[in-house]
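Trainee: compute the structure for the input listed below.
(one chain, ligands or ions: 1)
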Amino acid sequence: MVNDILDFSKLDAGRIELDSHAFDPLAFVTETIELVAGTAKQKGLALTCEVEGELPMAVLADNARVRQVLLNLLGNAIKFSEVGQINVKLTYRPEAGGVLGVAVSDRGIGIPCDRVDRLFRRFSQVDGSNTRKYGGSGLGLAISKALVELMGGEIGVESREGEGSTFGFTVAAPSVKPSQSEPFGAQLPKDTPGAAARILLVDDVAMMRELVRLMLLPSGYEITEASNGAEAVGVALSAPFDLILMDLQMPGMDGQAATRAIRAASDLNGKTPIVALSANVLPIHIADCLEAGMNDHIRKPISPDELLTKVARWSGANEV
Ligand code: ADP
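Mentor: Predicted coordinates for the structure are as follows:
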């Protein structure tokens with residue numbers, strides 16, 4: 001797994017191409033916040049959104065990448081907070097062609113000032129005990145920084161240990177006529193070249209989700225994560241996906257049970273391809289997966305080649 005991460009990290013941000021769309025920044029951010037509202041609620045955290053000054057009705061930027069960065073910051077804010085509210089503040093500066101600013105504030109554990117500099121480096125976590133308590137790989141902020149810089153912006157943090165943190169980023173986002181804007185989520189049909197396929201990634205091991213996310217990153221997929229079978233079923237009932245990647249062994253509801261539940265109960269994803277992520281590749285295990293309603297499997301430890309080929313094939317992004 002470590003080798004895979006290292007190999008993959010060599011691909012680096014230079015391989016990513018931006019795909020800009022016109023979108024309504026406020027609607028977009030509100031709907032992105034909605035995606036994590038359930039997780040925040042489970043921890044008793046309120047999520048709020050405020051706008052400082054005026055926002056254009058529509059801006060031009062790579063909304064999938066902006067969302068990826070925002071989801072990373074929101075995910076961290078939720079992960080590292082036990083109390084209080086998480087606020088997303090939006091700003092817009094028309095100078096320099098138009099710059100959208102997004103700041104995520106939490107009242108969580110905060111970061112000691114001598115550690116702040118290192119956060120945006122790969123594999124950086126504040127300390128080992130946090131790793132054990134909170135999970136994660138220390139890659140999210142490094143990826144966010146690379147993406148933000150690619151989008152002509154900056155990312156930074158202000159934090160006080162024990163009091164909370166504000167992570168903020170900017171992206172170049174010229175304002176455009178509202179009529180040019182697409183509603184959030186109204187992506188191109190999935191078989192149109194360039195459309196971002198929506199993937200639900202289900203695994204109880206946060207490191208494994210991070211690894212898969214990292215391997216898929218350059219291909220521009222929109223990834224939503226769930227950390228157990230029950231959560232996956234909940235997410236699958238509320239939003240359509242082009243592909244579900246499903247771990248098999250998970251505490252509580254396992255991958256097969258979650259697949260049966262999605263096949264039986266989800267109008268939105270009843271027919272969505274479901275591909276197992278599994279270390280078990282004996283014919284009997286594969287037969288089990290098929291019987292549960294899955295379409296294929298990807299071996300663990302995950303090889304980037306197999307993952308990318310099968311994800312492209314099953315998400316309809318590319319007939320391989
Ligand atoms: P991960 O969350 O997977 O560890 P990130 O790169 O997203 O990786 O974050 C790196 C580290 O920065 C985290 O492990 C944590 O120590 C610290 N961190 C990030 N966001 C916050 C936050 N909102 N509050 C406190 N610490 C944070």
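Trainee: quick one: pLDDT of the spatially closest residue to residue 212 that is not a sequence neighbour?
Mentor: Among residues not flanking residue 212 along the chain, residue 201 sits closest, at 5.7 Å (CB to CB, 6 or more residues apart in numbering). For the C-beta atoms, the positions are set from N, CA and C on the backbone; glycine is no exception. Model confidence at residue 201, given as pLDDT, is 97.
Trainee: what segments of this structure are helices?
Mentor: Taking DSSP state H to define them, one finds helices in the chain at 2-11, 25-42, 63-79, 128-134, 140-150, 206-216, 229-238, 255-265, 283-292, 304-315.
Trainee: I'd like the ones you listed as JSON lines, with mean pLDDT, mean neighbour count and distance to the ligand appended.
Mentor: Converted to JSON lines, the helices of the chain look like this (pLDDT from 0 to 100; neighbours: other CB atoms under 10 Å; distance: least, CB to the nearest ligand atom, whole Å):
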{"stretch": "helix 2-11", "mean pLDDT": "42", "mean neighbour count": "12", "distance to the ligand": "12"}
{"stretch": "helix 25-42", "mean pLDDT": "89", "mean neighbour count": "17", "distance to the ligand": "13"}
{"stretch": "helix 63-79", "mean pLDDT": "91", "mean neighbour count": "22", "distance to the ligand": "3"}
{"stretch": "helix 128-134", "mean pLDDT": "59", "mean neighbour count": "11", "distance to the ligand": "5"}
{"stretch": "helix 140-150", "mean pLDDT": "85", "mean neighbour count": "20", "distance to the ligand": "3"}
{"stretch": "helix 206-216", "mean pLDDT": "88", "mean neighbour count": "20", "distance to the ligand": "6"}
{"stretch": "helix 229-238", "mean pLDDT": "92", "mean neighbour count": "20", "distance to the ligand": "18"}
{"stretch": "helix 255-265", "mean pLDDT": "93", "mean neighbour count": "20", "distance to the ligand": "23"}
{"stretch": "helix 283-292", "mean pLDDT": "83", "mean neighbour count": "14", "distance to the ligand": "29"}
{"stretch": "helix 304-315", "mean pLDDT": "91", "mean neighbour count": "18", "distance to the ligand": "19"}
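Trainee: of all those helices, which one is nearest residue 165?
Mentor: helix 63-79 (7.4 Å; CB to CB).
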